[in-house]
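Student: Below is the sequence, then the predicted model.
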Amino acid sequence: MNWEKKGLIYSPSFDKKSWKYSSALTPTPVLLNEDVIRVYFSARDIEGIGRIGYVDLNSNNPSEVIGISENPVLDIGQPGCFDDNGVILGDIVKHNDRWRMYYVGFQIAQKVKFLAFSGIAESSDGGETFVRLSQTPILDRSPESTFLRAIHCSRFEDNLWKIWYSVGKKWIDINNVPYPNYYIKYLESKDGITFPQEGVPCISLEEGEYKVGRSRVYKNTNEYEMYYTIGRLDNSLLPGRATSPDGRNWLRADNTINIPCSLEGWDSKALGYLCQLKVREKTYMFYTGNNFGFDGFGYAILKTS
């Protein structure tokens, strides 16, 4: 697979009074209609608190921005709730006549940097606003994970909701800075709201890695394909890829992506949070660059020859 990088699409305002002061975390594209790609993402305010908004792009030329949300489509939760200190996007899926959003809510704790659990919201107005279905997490603390259970990908197949998510039980110090230690697991649910407390391991950590997460799963003719983001102990952040016959058992093939960091600029030091979208005969890959997408997000296009 060979990808041609097309550059930075969206850059934040860096307006200190704005809810989208910086960053474009976990950019997730959906085809809103035949002319518009909508990329949902989490922006950060000056205090680093995330809220979810979107950028609309020309589907024939994703470099062209044609609209930006003025207000968050999903704001932070009520004081004391699991998502009162920020939200980032997990996934958005069209289901029946609504858009369903899985998101990750953050809460500050005294003895660790944060707690992160998964919530759910839905939109009945075409994705302009989302309303929480619950003020409590749908993927909460459990024996498998004490501080992080984060849904990053969902699919509705075979009358089941299938999710791929990250779990974490500990923190790791890298140069005297604490980082969450997590990997990827799989779960199924009949309604996509109630889940078991224990999932199936999918992508485990390898030597030199402290986290593997933000999974994105696609179903091709004969196999499933997953993209994910790898955090290494040398502080690098790079994409990974794996394949599976059934969505449960995965074979890592990290060297097959062929989207390297640039020699300079916004994606010269890191590249992650890959998310793919097929539009007619073209396949686009949206991603973030340095410092977890601080400068925004860009895209690449799959070369067909």
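Tutor: Received it, and whenever you're ready, just let me know what you need.
Student: and the gap between Y165 and D173?
Tutor: Noted for Y165: a distance of 25 Å to D173, by C-beta to C-beta, to the nearest Å. Any C-beta I mention is one placed from the backbone N, CA and C, and that applies to glycine too.
Student: Those two - which one has more neighbours?
Tutor: Between Y165 and D173, Y165 has the larger neighbour count (other C-beta atoms under 10 Å), namely 28 against 9.
Student: Now do the buried residues in the lengthiest strand in the chain.
Tutor: The strand spanning the most residues in the chain, taking DSSP state E as the definition, is strand 160-174. Using 16 or more other C-beta atoms under 10 Å as the test for burial, strand 160-174 gives W161, K162, I163, W164, Y165, S166, V167, G168, W171.
Student: Residues in contact with stretch 68-82: which ones?
Tutor: Here stretch 68-82 makes contact (C-beta atoms under 8 Å, 6 or more residues apart in numbering) with 10, 19, 40, 49-56, 83-87, 101, 103, 105, 107, 115, 117, 119, 121, 123, 127-130, 132, 135-137, 140.
Student: ok, what's across the strand from R51?
Tutor: Counting by DSSP bridges, R51 is bridged to A43.
Student: That one - how many residues pack around it?
Tutor: 20.
Student: Next: A121.
Tutor: 20.
Student: Which of the three states applies to it?
Tutor: Recorded secondary structure, A121: strand (DSSP: H, G, I helix; E, B strand; the rest coil).
Student: What is the neighbour count of the closest residue to it other than its chain neighbours?
Tutor: Distances taken as C-beta to C-beta, 6 or more residues apart in numbering place F130 nearest to A121, at 3.9 Å, with adjacent residues excluded. The local packing of F130 (other C-beta under 10 Å) involves 24 other residues.
Student: Tell me which residues touch F130, please.
Tutor: F130 sits in contact with I52, V73, L74, W99, M101, A121, E122, S123, where contact means C-beta under 8 Å, 6+ apart.
Student: thinking again about what came up before, just curious, which of the buried residues of strand 160-174 is nearest to G272?
Tutor: Using C-beta to C-beta, S166 comes nearest to G272 of those, at 13.3 Å.
Student: nearest residue to that closest one other than its sequence neighbours?
Tutor: G213 (4.0 Å).
Student: do the same with F106
Tutor: Per C-beta to C-beta, 6+ apart, closest to F106 is G86, 4.2 Å.
Student: For the one you found, give me phi and psi.
Tutor: Main-chain torsions, G86, degrees, to the nearest 10: phi 130, psi 150.
Student: from memory it sits against Y103, does it?
Tutor: No. Using C-beta atoms under 8 Å, G86 is not in contact with Y103; the gap is 10.1 Å.
Student: From the chain's centroid, how far away is stretch 169-179?
Tutor: 21 Å (C-alpha atoms, centre = their mean, to the nearest Å).
Student: and the gap between K94 and N60?
Tutor: For K94, the distance to N60 - C-beta to C-beta - is 21 Å.
Student: From the contact counts, what lies against the longest strand of the chain?
Tutor: Strand 160-174 makes packing contacts with strand 148-157, strand 177-189, strand 209-219 when contacts are defined by 3 or more C-beta pairs under 8 Å, 6 or more residues apart in numbering; DSSP states H and E.
Student: Quick check: mean pLDDT of that strand?
Tutor: Regarding strand 160-174, the rounded mean pLDDT is 95.
Student: Can you give the strand pairings for it, parallel or anti for each?
Tutor: Going by DSSP bridges, the partners of strand 160-174 are strand 148-157 (antiparallel), strand 177-189 (antiparallel).
Student: residues touching Y183, list them.
Tutor: For Y183, counting by C-beta under 8 Å, 6+ apart, the contacting residues are S166, V167, G168, P201, C202, I203, S204, L205, K211, V212, G213.
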